[in-house]
Every structure is written in C-alpha cells, then in structure tokens.
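Student: Following is a predicted model, sequence given first.
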Amino acid sequence: MIYRRGIVGNDEDGTPLLINDSGEGYRVSATAISLWNMCNGITFQEFLYEVLRISSDDELSVRQSLLEMLSQLKKASVIEIKKVKENSIVSC
C-alpha cells in the first residue's frame with residue numbers, strides 16, 4: 001500500500017513543492033503532485049491501472065516510470081510504502 005506523507009507547498013517563484021515531515025522541500029512538477037495525491041492507501045496495481053487509464057504509453061513503460069518515481073518519493077520521505085503480508089502490515 002502506498003501512502004502520502006508531508007504536504008504540498010510552493011516555492012517563492014510558485015514552483016510546486018512536496019514537503020516531508022522534517023520540513024525538507026522538493027521541487028516537483030504538477031504531474032508529480034497529481035500522482036502523489038493518488039497515494040492514499042492505494043496498491044501499486046491500482047495505482048498502475050489508474051495511470052494507464054490516462055496514459056498513451058504501454059504498460060511496461062508506465063510501470064517502470066512509476067517505480068522510479070515512487071523510489072524517488074520514498075527517498076524524499078513524502079510517501080510510505082507498506083507491504084501487506086498474511087493479514088498484517090509491515091513497513092518496508
């Protein structure tokens with residue numbers, strides 16, 4: 001399951017920022033904000049299907065792009081990814 005963390009803000013010049021719970025801000029695109037907003041307890045498969053509905057790219061390309069983006073967002077601490085295993089949730 002993918003959960004968003006932090007808040008959305010704007011830089012002095014209006015550039016969108018994702019700000020983690022430590023107050024660190026990361027400049028991102030409006031598309032990244034839209035995708036981040038989808039991270040509300042969604043599974044990766046659900047996330048992939050939602051993006052595929054609005055994308056003209058093939059599934060493999062979209063999957064790879066999403067995995068890269070999620071990795072970057074996790075590193076920035078603006079999302080949390082939890083794996084569901086045998087009726088329990090384990091943070092990864």
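Tutor: Nice, thanks for sending it over. Residues are numbered from 1 along each chain as shown.
Student: Show me what the longest helix along the chain is in contact with.
Tutor: The helix spanning the most residues in the chain, taking DSSP state H as the definition, is helix 59-75. By CB atoms under 8 Å, 6 or more residues apart in numbering, the list of residues contacting helix 59-75 from outside reads 2, 18, 32, 35-36, 39, 44, 47-48, 51-52, 55, 57, 79-81. For every residue, glycine as well, the C-beta is placed using N, CA and C.
Student: What is the most widely separated pair among those residues?
Tutor: Pairwise distances across these peak at 26.3 Å for 57 and 80 (criterion: CB to CB).
Student: what about the two, which has more around it?
Tutor: residue 80 (15 against 12; other CB atoms under 10 Å).
Student: Report the contact partners of that one.
Tutor: 2, 3, 5, 74, 91.
Student: can you confirm it is in a strand?
Tutor: Yes: counting by DSSP: H, G, I helix; E, B strand; the rest coil, residue 80 is part of a strand.
Student: confidence score at it?
Tutor: On the pLDDT scale, residue 80 is placed at 96.
Student: measure it to residue 1 for me?
Tutor: From residue 80 across to residue 1, the span is 9 Å (CB to CB, to the nearest Å).
Student: got it, and residue 81?
Tutor: Relative to residue 1, and taking CB to CB, residue 81 is found at 7 Å.
Student: and residue 9, what is it in contact with?
Tutor: Counting by CB under 8 Å, 6+ apart, residue 9 has contacts 16, 17, 18, 19, 25.
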